[in-house]
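Curious how this folds, go ahead:
(one chain, ligands or ions: 2)
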Amino acid sequence: MYKRVLLKLSGEALSGEGGKGFSEKTLTYLVNEVKKIHQLNIKLGIVVGAGNIFRGKELKDFRIQMADQLGMLGTVINSLYLKNVFESNGLKSVVVSPIVNLPSVMPLKYDFIEQCFEAGYIVLFAGGTSNPLFTTDTASALRAIEMNADILVKATKVDGIYDKDPKLFEDAKKYDNITYEQAIKEQIKVMDTEAFSICEKNNLSILIINFFEEGNLLKAVEGENIGTKVNH
Ligand SMILES: Nc1ncnc2c1ncn2[C@@H]1O[C@H](COP(=O)(O)OP(=O)(O)O)[C@@H](O)[C@H]1O
Ligand SMILES: O=c1ccn([C@@H]2O[C@H](COP(=O)(O)OP(=O)(O)O)[C@@H](O)[C@H]2O)c(=O)[nH]1
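Ligands and ions are numbered 1, 2, ... in the order given. Predicted coordinates:
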């Protein structure tokens, strides 16, 4: 079983696949899935995207530098939203981010994060990498390494990495394992090249799983053979 886990959730984990905003049904599902792993006493960090609010590249009339700042703020909104939902359901959590100074957002400090983990808090890393032109995949790779995670679990809409996009090609074939090098060379779109590269350099394994399949998160953390593992 993994002891320190960084979970990357798409913004769509709050809205439902393809949706915008927040869905009560999806959030209830999310809380139940997270509860199953939180009760194992693992140190859990979460990076959440903002696809349910803004993805920079969707704002066509904006310069990308500006649009991405809205996207990053979206991740703060989602993290605060999640903190509230978690706490109403008995899950202690803290939001940390270097990009905003709000009463419920704490600065990102390693010693503080460690104290939170020790006290059983889920740490929500908000604000992406703090830089436009990146995504929360890259942020999740950075934060995973910063928190000394054993694994980066990307919980998304597909059940792993395929040789081509399985949402577009019925004959796509799933990989159980793939190297970082191959993922980068084949320009696998399920995660950014930057994220693959950061994980490769720091020897951090990635597991891609389908978030919307009940029980998957628990299976992933318990080390069951699901999804696609990326390593050397
Ligand atoms: N080779 C591939 N293997 C798996 N998924 C792929 C591949 N190429 C493209 N995709 C697409 O990547 C999507 C997940 O990436 P993305 O939308 O960035 O996720 P998220 O919003 O969870 O960060 C999937 O819905 C899938 O359609
Ligand atoms: O380091 C970062 C992380 C995110 N973003 C912006 O925030 C948006 C939301 O993140 P992402 O697209 O990764 O969300 P997801 O698809 O996972 O919901 C991105 O599209 C970018 O516009 C950014 O500029 N820098």
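
So which residues of the protein form helices?
12-15, 24-38, 64-88, 110-118, 136-146, 180-185, 193-201, 216-221 (DSSP state H).

Please work out how many residues are found near the nearest residue to residue 35 once chain neighbours are set aside.
Spatial nearest neighbour of residue 35, excluding adjacent residues (Cβ to Cβ, 6 or more residues apart in numbering): residue 91 at 6.6 Å. In short, each C-beta sits where N, CA and C put it, glycine included. By the criterion of other Cβ atoms under 10 Å, residue 91 has 19 neighbours.

Would you agree residue 91 is in contact with residue 34?
Yes: taking Cβ atoms under 8 Å as the definition, residue 91 is a contact partner of residue 34 at 6.6 Å.

Determine the residues that are contacts of both of those two.
residue 122 (Cβ atoms under 8 Å, 6 or more residues apart in numbering).

residues contacting residue 88?
Applying Cβ under 8 Å, 6+ apart, no residues qualify as near residue 88.

number of nearby residues for the residue in the chain positioned nearest to ligand 1?
As assessed by Cβ to the nearest ligand atom, ligand 1 sits closest to residue 10 within the chain, at 3.0 Å. With neighbours defined by other Cβ under 10 Å, the count for residue 10 comes to 20.

could I get the helices of the chain as CSV with distance to ligand 1?
Shown next, in CSV, are the helices of the chain (distance: least, Cβ to the nearest ligand atom, whole Å):
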stretch, distance to ligand 1
helix 12-15, 6
helix 24-38, 13
helix 64-88, 12
helix 110-118, 23
helix 136-146, 6
helix 180-185, 9
helix 193-201, 10
helix 216-221, 13
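
Those residues of the chain touching ligand 2, which are they?
10-11, 49-51, 55-56, 67-68, 71-72, 74-75, 128-129, 131-132, 134-139 (Cβ under 6 Å from any ligand atom).

Of these, grab the buried ones for PyMOL.
In PyMOL syntax, the buried subset of these is picked out as below (16 or more other Cβ atoms under 10 Å):
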select buried, resi 10+11+49+50+51+55+56+67+68+71+72+74+75+128+129+132+134+135+136+137+138+139
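
dump the residue contacts of residue 98.
With Cβ under 8 Å, 6+ apart, residue 98 has these contacts: 107, 108, 127, 130.

Quick one: buried ones out of those?
Buried among those (16+ other Cβ under 10 Å): 108, 127.

Need the contacts of residue 98 in a markdown table (columns: distance to ligand 1 and pLDDT).
Below are the contacts of residue 98 laid out as a markdown table (distance: Cβ to the nearest ligand atom, whole Å; pLDDT from 0 to 100):
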| residue | distance to ligand 1 | pLDDT |
| --- | --- | --- |
| 107 | 26 | 97 |
| 108 | 21 | 97 |
| 127 | 16 | 98 |
| 130 | 18 | 98 |
